[in-house]
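show me how the following folds:
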Amino acid sequence: MTARVDFYVLDSSSARERWTYACRLTEKAYLLDLQVVVLNDSRADAEAMDELLWTFRDRSFVPHSLARDGVPCDVATPVRLTPDLDTIDRADLLLNLSAGLPTGLERFARIAEVIDADDDRRRLGRERFKAYRELNLPLETHQIDGAADT
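A predicted model of the protein is given here:
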């Protein structure tokens, strides 16, 4: 059962800042020994996130795996990147970087959404916020300025 949905709302419209902030959230969750699933819109986005997790911070190490061609990630890997939740059974945290509302929310203890100031992403984020609210999920919103840390 999903205990809470957190929206991290950035003041920047830079996609790079959104992805970097997502990496910082992922790292923080990993350091708390949480199982994390990062949902992307596409295989290309999952591959970009894979690359960024290796390079976003010089001294950072976030062990992760990338789902490949319908083959699920190893469940023992702390962070799993995927464009498809069908092969995911459960995780402590779902970091939704996709444009849509994830399916099977009950599999995730918490959900995090990172929204930047891009008009389309804000609009889609508002739609997901309303959908989560209609599902009676507890919602938290965090306004993040450019200098903030997770």
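
partners of the worst-scoring helix or strand of the chain on mean pLDDT in the sheet?
Least confident helix or strand of the chain, by mean pLDDT, DSSP states H and E, is strand 64-66 with a mean of 90. Sheet pairing of strand 64-66 (DSSP bridges) gives strand 79-82 (parallel).

what residues of the partner strand count as buried?
Using 16 or more other CB atoms under 10 Å as the test for burial, strand 79-82 gives 79, 80, 81, 82. Every C-beta, even on glycine, is put in place using the N, C-alpha and C of the backbone.

correct me, but the second one touches residue 64?
Yep, that's residue 80 we're talking about. Yes: look at residue 80 against residue 64 with CB atoms under 8 Å: they come within range, at 6.9 Å.

what touches both of these two?
Both residue 80 and residue 64 are contacted by residue 38, under the criterion CB atoms under 8 Å, 6 or more residues apart in numbering.

in which helix or strand does residue 46 reside?
Assigned by DSSP states H and E, residue 46 belongs to helix 43-55.

other SSEs contacting that helix?
Applying 3 or more CB pairs under 8 Å, 6 or more residues apart in numbering; DSSP states H and E, one finds that helix 43-55 contacts helix 15-31, strand 64-66, strand 79-82.

which one of the ones you listed has the most crowded surroundings?
Mean neighbours per residue, mean count of other CB atoms under 10 Å, is largest over the helices and strands packed on helix 43-55 for strand 79-82, with a mean of 24.
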